[in-house]
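[1] Could you look at this predicted model? Sequence included:
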Amino acid sequence: MSTIRIHHFLRTAMASVATAGMVSAFAVASSATACVSSSSGGASKGSATGTVQPQRPAKSPYYVKGWGTPVFNEDFNDPSLAQWNIHDNEYANHDWSTVKKENVTVKNGKIILNTKRLDQAVNDEKNEKKRWYSAGFIDTVGKFSQAYGRFEMRAKLPTIKNKSRGIWPAFWLRADNPSNGGEIDILEAYGTPDAVNGFDPAGRSQGTLHYTQDGENWTMTSKFTPKRIDLNDGEFHTWTLEWTPEKITFLVDGQAYHTVKKTDDPRWKKAFGSGDPYSIRLNVQVGSKYWGTPNPTDTADRTDYVVDYVRVWKYRG
């Protein structure tokens, strides 16, 4: 074989080897790409990169449209009641009972504020009363307060029909600023039989705004819940307040029944439009001049005000 033909043969052979190497390399690269596509499981169809889009976080079960998630959430699973103050050895206004911490208990994710008839009356010489009952009272003063927002409670009332004269449960707010006499009574219910007003409050509760605490002129507006909703049926119900800089709306079981606007009274601005934060109160009293005093015949020896939860949402504007 001549030298020229040998060189030509060698160049041809080398070119063939190089070409085969390139084909093999391409095949390996193609195989790797296929593996990457396969590992994506086709989750990003039509995407060259196989990027998986992030999922939106699940909404809180307590999310409310327009209000978001609660900033205060009390399900009463903590027996220490860390978010609350428990009152003890006190007297409440208009009351014929003594406030005692023993009348506040937490059990099975609920708080019970009870009233009890005592074996022996407490002699209140200052107010010239013999206090035959004890009752429970908690609040969030110094621990939680807020201006505006959505406040809600789910509870079962202690107003046993025709066996709860003087029993007076409440869910209410007062301003932290002592110069602000505003008060929002989201719920007040009254036991029966009633011996004062000639009005039967059985099965209903009352929502009230107070602009001041000045004697008989303090009540601005008040309304009872609709008769069609029986709140004395032994079941749990919800009471809600939606408070904005423009108005306050009272709801029961999700139904609005009373709305007060800032234009309804010139005292609104100071009481409810100043931005003063309000704290929460839960209590039950026994006896008043408005709804009658208790007695062994018409008032049960024990009643239970059972609260399932209290939640508050922030006003978002």
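    In hand now; what should we look at?
[2] hey, let's count contacts and neighbours off CA atoms from now on
    OK.
[3] Longest strand in the chain, please.
    strand 110-124 (DSSP state E).
[4] Paired strands for it, with orientation please.
    Using DSSP bridges, the strands paired with strand 110-124 in its sheet are strand 104-107 (antiparallel), strand 129-135 (antiparallel), strand 302-313 (antiparallel).
[5] As CSV, those with mean pLDDT and mean neighbour count would be great.
    Putting the strands paired with strand 110-124 into CSV (pLDDT from 0 to 100; neighbours: other C-alpha atoms under 10 Å) gives the following:
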stretch, mean pLDDT, mean neighbour count
strand 104-107, 98, 17
strand 129-135, 95, 22
strand 302-313, 98, 21
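[6] now for those strands, which one comes closest to residue 62?
    strand 302-313 (8.8 Å; C-alpha to C-alpha).
[7] got a list of contacts for stretch 240-254?
    Residues from elsewhere that reach stretch 240-254 (C-alpha atoms under 8 Å, 6 or more residues apart in numbering): 148-153, 186, 207, 225, 237-239, 256-262, 272-273, 315.
[8] Enumerate the positions of stretch 66-85 that are buried.
    67, 69-70, 74, 76, 83-85 (16 or more other C-alpha atoms under 10 Å).
[9] so how far is it off the chain centroid?
    The chain centroid and the centroid of stretch 66-85 are separated by 7 Å under C-alpha atoms, centre = their mean, to the nearest Å.
[10] Kindly format the C-alpha coordinates of that stretch as PDB.
    Extracted C-alpha coordinates of stretch 66-85, given in PDB (Å, rounded to 0.1, in the frame of the first residue of the first chain):
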ATOM      1  CA  GLY A  66     -63.500  41.200  55.100                       C
ATOM      2  CA  TRP A  67     -62.000  40.600  58.500                       C
ATOM      3  CA  GLY A  68     -59.300  38.000  58.000                       C
ATOM      4  CA  THR A  69     -58.100  35.800  60.900                       C
ATOM      5  CA  PRO A  70     -58.600  36.600  64.600                       C
ATOM      6  CA  VAL A  71     -56.000  38.600  66.500                       C
ATOM      7  CA  PHE A  72     -57.500  37.300  69.800                       C
ATOM      8  CA  ASN A  73     -58.700  33.700  69.900                       C
ATOM      9  CA  GLU A  74     -59.800  32.000  73.200                       C
ATOM     10  CA  ASP A  75     -61.100  28.500  73.000                       C
ATOM     11  CA  PHE A  76     -60.700  27.900  76.700                       C
ATOM     12  CA  ASN A  77     -58.300  25.000  76.400                       C
ATOM     13  CA  ASP A  78     -55.900  26.600  78.900                       C
ATOM     14  CA  PRO A  79     -57.200  26.200  82.500                       C
ATOM     15  CA  SER A  80     -54.900  29.000  83.700                       C
ATOM     16  CA  LEU A  81     -56.900  31.500  81.700                       C
ATOM     17  CA  ALA A  82     -53.700  33.400  80.900                       C
ATOM     18  CA  GLN A  83     -55.500  35.900  78.700                       C
ATOM     19  CA  TRP A  84     -57.900  36.900  81.400                       C
ATOM     20  CA  ASN A  85     -58.200  38.400  84.900                       C
END
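[11] What distance do you get for the closest residue to residue 117 other than its chain neighbours to residue 244?
    Excluding its sequence neighbours, the residue lying closest to residue 117 (C-alpha to C-alpha, 6 or more residues apart in numbering) is residue 133, at 4.4 Å. Noted for residue 133: a distance of 38 Å to residue 244, by C-alpha to C-alpha, to the nearest Å.
[12] Residue 155 touches residue 306, doesn't it?
    Yes. Counting by C-alpha atoms under 8 Å, residue 155 does reach residue 306; the two are 5.5 Å apart.
[13] ok, residue 249 - how many residues close by?
    18 (other C-alpha atoms under 10 Å).
[14] how about residue 302, what does it touch?
    Counted by C-alpha under 8 Å, 6+ apart, residue 302 has contacts 114-117.
[15] which of those residues tops the neighbour count?
    That'd be residue 115 among those, by other C-alpha under 10 Å, with 29 neighbours.
[16] Pairing partners for it in the sheet, please.
    residue 303.
[17] Pretty sure it sits against residue 133.
    Yes. With contacts counted by C-alpha under 8 Å, residue 115 reaches residue 133, the gap being 6.6 Å.
[18] list the residues that contact both of the two?
    residue 286.
[19] Give me the buried stretch members for stretch 162-182, please.
    Quick answer for stretch 162-182 (16+ other C-alpha under 10 Å): 163-176, 180-182.
[20] Helices - which of those land there?
    Assigned to helices by DSSP state H, none of the buried residues of stretch 162-182 qualify.
[21] What about the residues you listed, which are in strands?
    Counting by DSSP E, those contribute 167-175 to strands.
[22] want to throw the residues you listed into JSON lines with pLDDT?
    Listed next are these as JSON lines, based on pLDDT from 0 to 100:
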{"residue": "167", "pLDDT": "97"}
{"residue": "168", "pLDDT": "96"}
{"residue": "169", "pLDDT": "98"}
{"residue": "170", "pLDDT": "98"}
{"residue": "171", "pLDDT": "98"}
{"residue": "172", "pLDDT": "98"}
{"residue": "173", "pLDDT": "98"}
{"residue": "174", "pLDDT": "98"}
{"residue": "175", "pLDDT": "98"}
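[23] I am finished for the moment; much appreciated.
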